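Engineer: what's the 3D shape of this:
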Amino acid sequence: FFQATTAPPKKKPDPVTSETVVIWGLRLWQVVGIFALFVLSIIITLCCIFKCRIPRTRKEIEARYAQRQAAKNYADKLDTVPPLEELTDIPGAPVAEEKKEEEIPSVSGKVDKAQGKKDGSKGSKKKDGEK
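Structural biologist: Model prediction:
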């Protein structure tokens, strides 16, 4: 069944050690170190980008939970606050009239308006004196 051969036995491969050349003339420990640095740099970069940090103590976990709950309650209460226009109304007061005069956006318009009021007030005094 089996025939004996006269060829020499096959040479066993050298055992893999940390000094074995693996790729591009680099030894195994160098390749492992480069790979570890690469993986570590990716992890650090991702943690910096996403600002993820594992809390170290139970107190920190509970404090963060309380902070989230407080922020949620605050946001919910802000939704229930009425707009500023509603807050400035005085309950029971007569309804404020709409603005009779338009706002004048320019400085010269304000000056003209102020002079117009002064002239009008002088004219009304003259009329009262004439009567």
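Engineer: pull out the buried positions in stretch 20-30.
Structural biologist: Residues of stretch 20-30 classed as buried: Gln30 (neighbour count, 16 or more other Cβ atoms under 10 Å). For glycine as for every other residue, the C-beta is placed from the backbone atoms N, C-alpha and C.
Engineer: quick one: end-to-end length of that stretch, please.
Structural biologist: Stretch 20-30 has its terminal residues 10 Å apart, counting by Cα to Cα, to the nearest Å.
Engineer: got the contact list for it?
Structural biologist: Here stretch 20-30 makes contact (Cβ atoms under 8 Å, 6 or more residues apart in numbering) with 14, 16-19, 31, 34.
Engineer: neighbour-wise, give me the winner out of those.
Structural biologist: Most neighbours among these, by other Cβ atoms under 10 Å: Val31, with 15 neighbours.
Engineer: that residue belongs to a helix?
Structural biologist: Yes - membership of Val31 in a helix is supported by DSSP: H, G, I helix; E, B strand; the rest coil.
Engineer: and it, how far from Thr57?
Structural biologist: In this view, Val31 and Thr57 are 38 Å apart by Cβ to Cβ, to the nearest Å.
Engineer: just Leu37 next, same as before
Structural biologist: Distance from Leu37 to Thr57, by Cβ to Cβ: 30 Å.
Engineer: ok, the contacts of stretch 20-30 vs Ile61, which is closest?
Structural biologist: When the contacts of stretch 20-30 are compared for distance to Ile61 (Cβ to Cβ), Ile34 wins out at 36.2 Å.
Engineer: separation between that closest one and Leu40?
Structural biologist: Plainly put, Ile34 is 11 Å away from Leu40 if you go by Cβ to Cβ.
Engineer: now swap in Cys48 and tell me
Structural biologist: Distance, Cys48 to Leu40, by Cβ to Cβ: 13 Å.
Engineer: show me what contacts Val31?
Structural biologist: Shown in contact with Val31 (Cβ under 8 Å, 6+ apart): 22-23.
Engineer: check it and give its pLDDT.
Structural biologist: Note on Val31: pLDDT of 90.
Engineer: now do the phi/psi pair for Trp24.
Structural biologist: Taking degrees, to the nearest 10, you get phi 50, psi 30 for the backbone angles of Trp24.
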